[in-house]
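Novice: Using only what follows, build the 3D model:
(chains A, B, C and D)
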Amino acid sequence: MNGVPMEHGLVLAAVLFALGLGGLMFRRNMIFVLMSLEVMLNAAGLAFIVAGTGWQQPEGQAMFLLVITLAAAEASVGLALLIQLYHRFRTLNLDVASRMRG
Amino acid sequence: MMEHATTLSIAQPTTLLPLTFLLPLVGTLILAFSRGQLSYRASATVGTASIGLAALTTAALALGFAAAGPQQLTLWTWIAVGDFTPGISLALDGLSLTMLGVITGVGFFIHLFAAWYMRGEDGITRFYTYMNLFVFSMVLLVLGDNLLLLFLGWEGVGLCSYLLIGYYYTHSANGWAGFKAFVITRIGDVFLALGMFLLFTRLGTLNIAEILELAPQAWQAGDTTVELAAFLLLGGAMGKSAQLPLHTWLADAMAGPTPVSALIHAATMVTAGVYLIARMHGIFELAPTALYVTGVIGALTLLMAGFAALAQTDIKRVLAYSTMSQIGYMFLALGVGAYDTAIFHLMTHAFFKALLFLSAGAVIISCHHEQDMRRLGGLWRKLPLPYAGFMVGGAALAALPLISAGFYSKDEILWQALAADQQGLLIAGLVGALLTSLYTLRLIIGTFHGTAKSDNARHAETGRGLAHGLPLVVLAGLSTFVGAWITPPLAEVLPAGPGDATHVGHSSLELLAAATALGGMALGVWLFGLRRGWLRLANRGPGAGLWHLWHHAWGFDLVFDWTLVRPYRLTVWLLKSDLFDGLFRLLARLVRLLHLGLSRTQSGRVRGYAITMVAGVALILLSLALVIQGT
Amino acid sequence: MILVWLIVIPFVGGLLCWQAERLGGRATRLIALATMLCELLIAFGLWLQLDFALPASGGTQWAVEYRVPWIERFGIDFHLALDGLSLILIALTGFLGVLAVLCSWREIVRRIGFFHLNLLWILGGVVGVFLAMDLFLFFFFWELMLVPMYFLIALWGHSGSKGSTRIGAAIKFFIYTQASGLLMLVAILGLVFAHHGNTGEYSFSYAVLKETTLSPTLAFWLMLGFFVAFAVKLPVIPLHGWLPNAHAQAPTAGSVDLAGILLKTAAYGMLRFALPLFPEASQAFAPFAMALGLVGIFYGAVLACGQQDIKRFVAYTSIAHMGFVLIGIYAGTELALQGVVVLMVAHAFSAAGLFILSGQLYERLHTRQINEMGGLWGRLGSMPGIYLFLIAASLGMPTTANFVGEFMVLFGTFAIAPWVVALASVGLVLAAVYSLMLMQRVHYGPPQSDTPLKGLDTREFCMLLGLVALILWVGLYPQPLLDTSSAAMQDIHRLFDAQSSPLPEAR
Amino acid sequence: MELAFYLSALMAVLATLGVMTNPNPVHAVLYLVVSLLAVALVFFALGAPFAGALEIIVYAGAIMVLFVFVVMMLNLGQATVDQERQWLQPRTWLGPSVLATVLLLTLVSLLWRGDIQAVIEGGGLTARGVGTLLYGPWLLLVELGALLLLAALVTASHVGRIGKVAAPSPAPRDLPTGASTPANGQAHQPSTNGVAGEDV
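Specialist: As a prediction, this is how the structure comes out:
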């Protein structure tokens, strides 16, 4: 064996992404939802790295950097929201905050 | 040009001509803008004087006419677009002069009588406003030298008729009677309008004289177009003159004050149809079928109305049906081509029918607004003047030989029918004469003889005063042979009738007609006076059925109710919610439904949104994968 | 430049009114009145000064013209022009504007300044519509007049019976007219792009676009776009849904403007744009348009009979009258087209009068339901007499302007389409039915009570008397009007004539 | 190297599964740290050491610390664990899992068509290349990233403020610093750094 086929790297990213997605959908606790989001972002970053190294391009890693920036911003805002939620409703259950129904 | 009208001069009849309609118009305006400030006496004076002055003007015109002949006067061009140039222009010839005399002359006496009749009524100003407006419109109708101006007068008299029928507005029924009159005559008006459109499109002019001149050049006799035009004009005439089948409004029109019935629904407006056909005789001469149909309609109407008049209980309704019947005679005369005879009968009819109506009005007021024959009776001692009026008028109506005006005109009609070789029409006319005698006798005997059958009749009060007496006396005078002496100057305007050339058999027909009238009267006296056999006939078996049928004038009202009124009301009811708009409302409802459905998905739960989104993504990717797989 | 003033005056007057509310209601009303009088006087002055009877010389059909480039990149000009037809309609706008201000003198008590702002801006927009000779500018004014009307209905309207609210009516009005306006915009853009495709230049100019060569199919579709836009406004069945609600719910001044002027913008649009831009397509479409007109006459008449609200009643009669206008426009003979002009003016007067009277009845009885009226004749002083006159005008009694208009249309159409005229004449009978039915149910019959109601005061009497006098004047001597519009109408008539003689090449 | 890839991949998947299924927040965070570290190993295995280092420093270090802080601050104890157990019924997770599986299978089937011929051999790419790219043609993007972080900072400090409730929680103060410092450190963005520094 010499080298990993690119598909394998991408499939790994897909699996991680799908796992994160599943968590996002079936978890009600906001902190788990945020964690799922981190997993998904991370999976996306992984896909960039795989593609970048696969094609021998530096852009993949540069994009990964931006993904990380995004993840940091997302985490900070998300956690602030989480604290706000907890203070308003004394729970982290997301389904409680459904006041914007049509 | 209007300022010329102020300089009075008999030597120049044209300058007098506008006065005939301006005077009633001035009267109308004074009354309309008084805003209730005028007293009863002042209103009546203004209303009557304006017509009186118009009548004097007409007399002056008649004097001048003998010397100067036909006149023509254009006041201004009404509309001018391309070759469509109808003007406000007047034409005076023998025919219009005759009509003008009837309108202003008889009209003046009726206005005068109304001053007595309407005492104690509210809104006398309104009454005289409408009456003057009516005379104004009617004068324009007969003076207009083009069809559009004629139509102006034609519609104007219809409006005044509507207003005056509904004069006692607090009773809805009166208003609806006026409504019916207006709408049915309007149906006729539409035919007239279509006739105008057709004539203008084909001949390029609306001027009556030009039409009569151009028509023979444009069409052969019996040409389809000219037949159509004649039929359309006939339709207009039928509506206005209450001829079958557009006659049902006239009996209901009796809801108006009696002077109105005398002026509008006996003497002038209803005869406008006769005037129209006589005026447009050139078209009818080219359309033999239409002319024949005119005669047949006249004959049918005179029979139908004669039978109906036999079975009425309201004295005014008897007179209304007799009016229809007499106009039927005029149509019969027109139908055999005897236009001048029709106009002659129109004139005598105006005299004696106005007399009858005014007498009836006198009876009604004297008997405290009682007009049902079954509740009158025995009045001849208490009300001698109305009785005399009824006798003279009735004699003229029944064509009592030699002494009555009606005899001369009706006899002439029958002679013209014979001379035109129209036996069917002749027989109808003779039967009609018999019927006329019968119902006239029934009317007079029922009202004035026998015993008084109600308190109102027992306590009848005799009318007094010039306004009451003078019109009755003058009209009574005109209803005798004196009226028949007046010869309308029609020879220049209208073609000679078929009976003018020979007189073979004329005297035997005169004898026959006289015998019919006298026989009818004798039968009437026997039926209604001596033996009271009428009641027995009318109450039993088929007699009761016929009575019922005739009382409701052959049930035309019912037929129209079921064929026109009810379907129309049904349509209104069906469309009430605006069907077409309903389509759009349906669309709006659909959108609303979709909105409700979609907003249900707006649950407010983030997880739900995430699931939906993922499902969407999965779906898109799956289809994408399948597409890729397919290629 | 005078044309610019015609447009600017109402807009500035509206702003002044808005601010003048601080000085009190009376000052506001006086300013509005002065503005409209000014507008009317300018129109009248132009009429005296200019000669419209002769076909304009020098190759232009306009009597006055004003043109500055606006958005040169797309060939959009600020192009105003005036001919006889526009002048008549502008004078009408001025006159009805005066009436609208006068008739809301007592009726409007809330937010007077903003009310007059809206009122005057509507009128300004309408004047703009009548003057604009650039399609973009035309569309601009066309949309501009809708918004103030929306506010007028929504803020000062009456909520009617059975849950029909003024807001609902306003929204319905806005959606209908806005959708139609968009359709027109699409048609305008289609025309402009077609022109661009031919010549490589963008232009929105009326004169330029008139010369565009179009394939018959494209011309038909574009014509349809214009037609539908105007048909909504006229209105033509089945696009009339907004009208009864808007008329019934609007304040009196709004109803007067709607019936008197806004409906006329549609007829004007057809005469000015739909026909001259697409003569062949319009000619081909004429039978359908006339059929729609017929349907309108009957449908409006039948529905009017079924109404309980007097203002809805008058609204449906407007639909019937506009049916005659539509027939006349598409008949295309000079007589019919001139009749259309007279009929537009006549209908503006008679419908405005009836709406004003309905408003006055409402002020006195506090109801618009017909079944709560009856027997009013003796209780209202001289008002019923004027009502009667306006009813007579609405059923086309001779001596009134409506008669002249209707009969000229019918005379003019008979040569083209006798059957249409025969059927439309039946509409005359129905007009009698609904008009007299209204008279009967409102004024005749047993009175509901004996107490006399307040008669007309001087302001009301003068307004109505002015209308009566104008109706009679046009009914008896319409010639000044006809002379003014004659050149413009002859131009349109020539389009139809040119079509009937065979032409090998498409325009 | 291949072996390292597959092993760490397996570890990442297993750890992530742990994150998804564990009811205890603290355990879940720890699993997540493990998962991120495994992914970092994958990066090393694929020959992207710079990215691997970033992953460890920023993700597993800074961001996860935040999570731990919050979990501890909210004091989520046994009650939460019970609650989570109760929520994790098959009824709840079956549908979403099926959906996620479908998505995964679709993705995999799309990837597995075999038209990607590339094989990752590792090496060749250095931090130098990335830096040249970022501060060369992508400079604007870096600026935008800085702007994003600044916005996140302002937002977090605003959103995290708690009405009139006293005792300001440390979270809003910590969040921006924790979030921005590592990112700024990577981006070498002096201006944003300065702002963050003032805030701290």
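
Novice: Contacts only, for the residue in the stretch 251-400 of chain C that chain A sits nearest to.
Specialist: At 34.7 Å from chain A, residue C:254 is the closest residue in the stretch 251-400 of chain C, using C-beta to the nearest C-beta. Any C-beta I mention is one placed from the backbone N, CA and C, and that applies to glycine too. Taking C-beta atoms under 8 Å, 6 or more residues apart in numbering or on different chains as the criterion, residue C:254 is in contact with C:100, C:119, C:149, C:152-153, C:156-157, C:246.

Novice: give me the element it is part of.
Specialist: helix C:252-257 (DSSP states H and E).

Novice: which parts of the next helix or strand after that helix are buried?
Specialist: Counting by DSSP H and E, the next helix or strand C-terminal to helix C:252-257 is helix C:263-269. Buried positions in helix C:263-269, judged by neighbour count with 16 or more other C-beta atoms under 10 Å in any protein chain shown: C:263-269.

Novice: Could you work out the most separated pair of these?
Specialist: C:263 and C:269 (10.9 Å; C-beta to C-beta).

Novice: Which neighbours do the two have in common?
Specialist: Joint contacts of residue C:263 and residue C:269 (C-beta under 8 Å, 6+ apart) are residue C:233.

Novice: residues touching residue C:97, list them.
Specialist: Residue C:97 touches C:10, C:35-36, C:39-40, C:119-120, C:123, C:257, counting by C-beta under 8 Å, 6+ apart.

Novice: hey, C-alpha coordinates of the strand or helix carrying it in PDB?
Specialist: Counting by DSSP H and E, the element that carries residue C:97 is helix C:84-103. In PDB, the C-alpha atoms belonging to helix C:84-103 read as follows (Å, rounded to 0.1, in the frame of the first residue of the first chain):
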ATOM      1  CA  GLY C  84     -58.000  68.100 -26.600                       C
ATOM      2  CA  LEU C  85     -58.700  64.800 -25.000                       C
ATOM      3  CA  SER C  86     -56.200  65.300 -22.200                       C
ATOM      4  CA  LEU C  87     -57.400  68.900 -21.600                       C
ATOM      5  CA  ILE C  88     -61.000  67.800 -21.200                       C
ATOM      6  CA  LEU C  89     -60.100  65.100 -18.700                       C
ATOM      7  CA  ILE C  90     -57.800  67.500 -16.800                       C
ATOM      8  CA  ALA C  91     -60.500  70.100 -16.600                       C
ATOM      9  CA  LEU C  92     -62.800  67.300 -15.300                       C
ATOM     10  CA  THR C  93     -60.200  66.300 -12.800                       C
ATOM     11  CA  GLY C  94     -60.000  69.900 -11.600                       C
ATOM     12  CA  PHE C  95     -63.700  70.300 -11.300                       C
ATOM     13  CA  LEU C  96     -64.300  67.000  -9.500                       C
ATOM     14  CA  GLY C  97     -61.300  67.900  -7.300                       C
ATOM     15  CA  VAL C  98     -63.200  71.000  -6.200                       C
ATOM     16  CA  LEU C  99     -66.300  68.900  -5.600                       C
ATOM     17  CA  ALA C 100     -64.300  66.300  -3.600                       C
ATOM     18  CA  VAL C 101     -62.900  69.000  -1.300                       C
ATOM     19  CA  LEU C 102     -66.300  70.600  -0.900                       C
ATOM     20  CA  CYS C 103     -68.200  67.400  -0.200                       C
END
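
Novice: quick check: mean pLDDT across that helix?
Specialist: Helix C:84-103 carries an average pLDDT of 91.

Novice: What of stretch C:196-214?
Specialist: Mean predicted lDDT for stretch C:196-214 stands at 86.

Novice: One more: stretch C:172-187?
Specialist: On average, stretch C:172-187 scores 91.

Novice: Find the nearest non-adjacent residue to residue C:251, please.
Specialist: Closest residue to residue C:251 apart from its sequence neighbours, by C-beta to C-beta, 6 or more residues apart in numbering or on different chains: residue C:156 at 4.4 Å.

Novice: And the pLDDT at the residue nearest the centre of chain D?
Specialist: Geometric centre of chain D, nearest residue: residue D:59, 4.7 Å, by C-alpha atoms, centre = their mean. Reported pLDDT at residue D:59 in the predicted model: 86.
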